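# how would this look folded up:
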Amino acid sequence: MIGKQTPRIEHVAPYVSSAGDEAIELARHAGLILDPWQQHVLRRSLGERDDGTWNSFEVCVVLSRQNGKGALLEARELAGLFLFDEQLIIHTSHEFKTSLEAFGRIRSLVENTDDLRRKVRRITVAHGSESIELLNGAKLRFLARTKGSGRGFSADCLIMDEAMILGATAMAALLPTMSARKNPQVWYTGSAGIGEASSQLAQIRSRGIAGKDDSLAYFEWSADVHNEHCLTSCRDHQSTDDVEAWLEANPGIGYRISVDYVKRERAALGPAMFGRERLGVGDYPLWDGGDGPIALQQWVSLTDVASEPGPDVAFAVDVPDTRDSATIASYSVRADGVGHVELIEHRPGTEWVPDRLVELRDRWKPIAIAVDGRGPAASLLTSLEAAGLTRPANPDQPARGDLLVLTPAETVIACGQLADAVNQGILVHLGDEVLMSAVGGATARPVLDSWAWARRKSTVDISSLVAVTEARYAYMVRFEAVTDYDLMESAW
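You can find the predicted model right below:
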C-alpha cells in the first residue's frame, strides 16, 4: 500500500512557470531521490510569476513525523544554494539538536557530491555557528529559535522547521531578516498543532484553508476523523482504525513507513494521541482568519529602514487587554507624499503614558493624539486630561495637540483605511519587530458589513497595530482642520 501523494488540504498561489523540476533534478544528482509528494510540493511552491518572483512568499507543509519533511527541506536548501543564487538561507528549529541533525544530513549530501563540494569555500562545524559557505559567498546557516536568533542577518530564504512550536517572539526576530530582499521566501514545516504553542501555525493554517491568500502555498496531509459531535452512524468522518485514513495522512507509507509499523503504533497509542501523532489531527488555538486584511508579504515589502517622518505628525496610544504594556505610534506624510508609520514607544506598564505624550505634544505640536474611546486605552483618558491633554472645546475647531477619541464607527473606518493604504503601497514602516509580529498575528472581527481588529482572537498583542491604525486616521481627519496645507496635493 502507498500513502496518498497529494494533500487533503491544499492552497497554492497562481504561477506561470516553476523551478521545481530543477530543484528535483539537483536533489537526484546529489543522491536524494524524492518521493512523489515531495516533488509535488516543490513544483507548486517554487512557481514563478510573470516578473520572475516566487508565487508564494510563504510555504507551509504540515504532515506527521517520519514522512520525509527533512528531505524536502534538504532539496529546497540545495536549490537555494546552488541554483537560485540565494545569498543567505537560514534554517531554524525549535530545538538546536534538530537543526544540528538537519545540518549533518545536508552536509553529507554536499560533501559526497564532487561538483557541489568543489563549489564550497568552507563548512563550519563550531557549535552555534554551523554553516555551509560557497565560493560565491552564498551561505546556509543553522540556528535554534530564540528571542535574538536571526537578528543582524538579511535572508533570502527562511526555513522554520518544527512550526507547531513557533511563537510570536521568534517570528518577530526572524521575519524582519527578509524585508530588504527582492524575492524572499519563508517555509514552515511541522506536524499537527499541539495547542497554544501552535498559535502561528493556526494562523497560517486558517489562511490556507480559506484559500484567499495569493502569497501563500499550503499543504496539509491529515485525516478527517470522527469528533465528539459525531453519532455512531456518522459516515462523513473516518475512524482512527481506518487504513484509508492512515494512507491519506501519511504519504511516506510504502516509501519510508510500513503499514505494519502504523498498526503497532495504533495498538500502543490511544485514539487521541494516535490521531495527532500519525493522522495529523491537530489542536489549534482559535483563529478566525477572516479575509486577511493585511497580507504579511505586502507589509514586509513596505519596509524602509531609512524613512524619516514628515513635518506634521499625529500620535495614538493603545494598550492590550492585559494592560501590562502600552504603545505610542505615529503617522506622518513625507515630502514625496508617502505615509510614514512608526512606533515611538513600547514598554511595560501604563503609568508612563501621560508624561510621555505631554513631552511629545510639546516637542512636535502634533495634528492630534488619538485614543480608542471604547478600547482598553479609554481608561487612560482621565489621567491624560489631568496631565493637560484635552479634547477640543469645539469639535469643529480642534487645535494642534488636542485629543481625538475615536468612536466604534471611526475605528472601523480607520481599520479599512489602513488596510487600503497598505494594499495600495502608499505607506512605509521601519521594519519594527513588535509591529511586524502584530501584523503577522492580527485577525479581524466582523462589524456589520465591515470589520475591525479583533484583540481577543488575535494570536499576539496587536496594540502596536491598533495604535498605528488610529494615528493614521487622526492625521487624515484632523489635518485640514489644524493647518492651511492642501492634504490632497501632499498625500495622493
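# Check for me that Ala13 belongs to a helix.
No - Ala13 is assigned coil when assessed by DSSP: H, G, I helix; E, B strand; the rest coil, not a helix.
# And for the closest residue to it other than its chain neighbours, the neighbour number?
Closest residue to Ala13 apart from its sequence neighbours, by C-beta to C-beta, 6 or more residues apart in numbering: Asn55 at 4.3 Å. In this view, the C-beta of every residue, glycine as well, is placed from N, C-alpha and C. Per other C-beta atoms under 10 Å, the neighbour tally for Asn55 reads 23.
# got it, and Ser450?
Count around Ser450 with other C-beta under 10 Å applied: 12.
# check contacts around Ile204.
Neighbouring residues of Ile204 by C-beta atoms under 8 Å, 6 or more residues apart in numbering: Glu58, Cys60, Ala163, Tyr188, Leu216, Tyr218.
# Which two among the residues you listed are spaced furthest apart?
Greatest spatial distance among those (C-beta to C-beta): Ala163 and Leu216, at 13.4 Å.
# who touches both of those two?
In contact with both Ala163 and Leu216: Cys60, Ile204, using C-beta under 8 Å, 6+ apart.
# Looking at the contacts of Ile204, which is nearest Asp362?
Glu58 (43.5 Å).
# For that closest one, give its distance to Glu133.
26 Å (C-beta to C-beta, to the nearest Å).
# what does Glu410 give?
Applying C-beta to C-beta to Glu410 and Glu133 gives a distance of 53 Å.
# Looking at Glu58 and Glu133, which is more packed in?
More crowded of Glu58 and Glu133, by other C-beta under 10 Å: Glu58, with 25 against 17.
# sorry, back to before: OK, contacts around the residue nearest to Ala13?
So Asn55 contacts Val12, Ala13, Pro14, Tyr15, Ser45, Gly47, Glu48, Arg49, Ala217 (C-beta under 8 Å, 6+ apart).
# okay, now Ile159: neighbour count?
26.
# how about low-confidence regions in the chain?
The chain contains residues with pLDDT under 70 at 146-153, 167-180, 228-229, 286-292, 459, 484-492.
# What subset of the contacts of Asn55 is buried?
The neighbour count (16 or more other C-beta atoms under 10 Å) marks Val12, Ala13, Tyr15, Ser45, Gly47, Glu48, Arg49, Ala217 as buried among the contacts of Asn55.
# Scan this protein for its longest helix.
As assigned by DSSP state H, the longest helix anywhere in the chain is helix 463-482.
# Pull out the buried residues from it.
For helix 463-482, by 16+ other C-beta under 10 Å, it's 463-479, 481-482.
# just curious, which of the contacts of Asn55 is nearest to Ser129?
Looking across the contacts of Asn55 and measuring by C-beta to C-beta, the closest to Ser129 is Ser45, at 28.9 Å.
# Please list all residues in contact with that closest one.
The contact partners of Ser45, by C-beta under 8 Å, 6+ apart, come to Val12, Gly20, Asn55, Ser56, Val59, Trp187, Ala217, Phe219.
# please redo it, this time with the cut-off set to 7 Å
Listed by C-beta atoms under 7 Å, 6 or more residues apart in numbering, the contact partners of Ser45 are Ser56, Val59, Ala217.
# check contacts around Ser450.
When contacts are counted by C-beta under 7 Å, 6+ apart, Ser450 touches Val412, Gly416.
# let's see 10 Å
By C-beta atoms under 10 Å, 6 or more residues apart in numbering, the residues touching Ser450 are Ala409, Val412, Ile413, Cys415, Gly416, Ala444.
# filter the residues you listed to the buried ones?
Applying 16+ other C-beta under 10 Å to the contacts of Ser450 flags Val412, Ile413, Cys415, Gly416, Ala444 as buried.
# quick one: the last one from Arg264, how far?
What it means is Ala444. Counting by C-beta to C-beta - Ala444 and Arg264 are separated by 45 Å.
# Please identify the helix or strand for His91.
Assigned by DSSP states H and E, His91 belongs to strand 88-93.
# where's the spatially closest residue to Arg456 that is not a sequence neighbour relative to Asp461, distance?
Once flanking residues are discounted, Arg456 sits nearest to Asp321: 6.6 Å by C-beta to C-beta, 6+ apart. Per C-beta to C-beta, Asp321 is found 9 Å from Asp461.
# who's more crowded, the two?
A direct count of neighbours by other C-beta under 10 Å for Asp321 and Asp461 places Asp461 higher, at 24 against 11.
# Look up phi and psi at the nearest residue to Thr6 once chain neighbours are set aside.
The shortest distance from Thr6 to any non-neighbouring residue, by C-beta to C-beta, 6+ apart, is to His40 (6.1 Å). When quoted as degrees, to the nearest 10, the phi and psi of His40 stand at phi -60, psi -50.
# these two touch, right, His40 and Gln5?
Yes - with contact defined as C-beta atoms under 10 Å, His40 reaches Gln5; the gap is 6.3 Å.
# Now for these two: what residues contact both?
Common neighbours of His40 and Gln5 (C-beta under 10 Å, 6+ apart) are Pro251.
# give me every residue that touches Leu279.
By C-beta under 10 Å, 6+ apart, the residues touching Leu279 are 64, 192, 221-225, 238, 240, 242, 245-246, 248-250, 262, 266, 271.
# Check Met164 too.
Counting by C-beta under 10 Å, 6+ apart, Met164 makes contact with 62, 94, 188-195, 197-198, 200-202, 276, 282-284.
# Quick one, which of those are buried?
62, 94, 188-194, 197-198, 200-202, 276, 282-284.
# So which of those belong to strands?
Val62, Tyr188, Thr189, Gly190 (DSSP state E).
# Turn those into JSON lines, columns for distance to Glu385.
Below are these laid out as JSON lines (distance: C-beta to C-beta, whole Å):
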{"residue": "Val62", "distance to Glu385": "50"}
{"residue": "Tyr188", "distance to Glu385": "46"}
{"residue": "Thr189", "distance to Glu385": "52"}
{"residue": "Gly190", "distance to Glu385": "49"}
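# from those residues, which is closest to Gly339?
Tyr188 (30.5 Å).
# Neighbours of the nearest residue to the closest one once chain neighbours are set aside, how many?
Setting aside the residues directly before and after it, Tyr188 is nearest to Ala163 in space (C-beta to C-beta, 6+ apart), at 3.9 Å. Residues within reach of Ala163, counting by other C-beta under 10 Å, total 25.
# can you check Arg76 too?
Around Arg76 there are 27 residues (other C-beta under 10 Å).
# Equivalent analysis for the one 5 residues further on, please.
Per other C-beta under 10 Å, the neighbour tally for Leu81 reads 26.
# I figured it hits Leu116, correct?
Yes - using C-beta under 10 Å, Leu81 is in contact with Leu116, at 8.5 Å.
# mind giving me the domain split of this protein?
Per automatic domain parsing, the structural domains of the chain span 9-277, 306-491.
# okay if I get the ones you listed as JSON lines plus distance to Ala295?
As requested, the domains of the chain are exported to JSON lines (distance: least, C-beta to C-beta, whole Å):
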{"stretch": "domain 9-277", "distance to Ala295": "5"}
{"stretch": "domain 306-491", "distance to Ala295": "8"}
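# Out of the ones you listed, flag the one nearest Gln298.
domain 306-491 (5.9 Å).
# Which parts of the stretch 101-250 of the chain are strands?
Taking DSSP state E, counting those that start in this stretch to define them, one finds strands in the stretch 101-250 of the chain at 120-124, 131-134, 139-144, 157-160, 185-190, 216-220.
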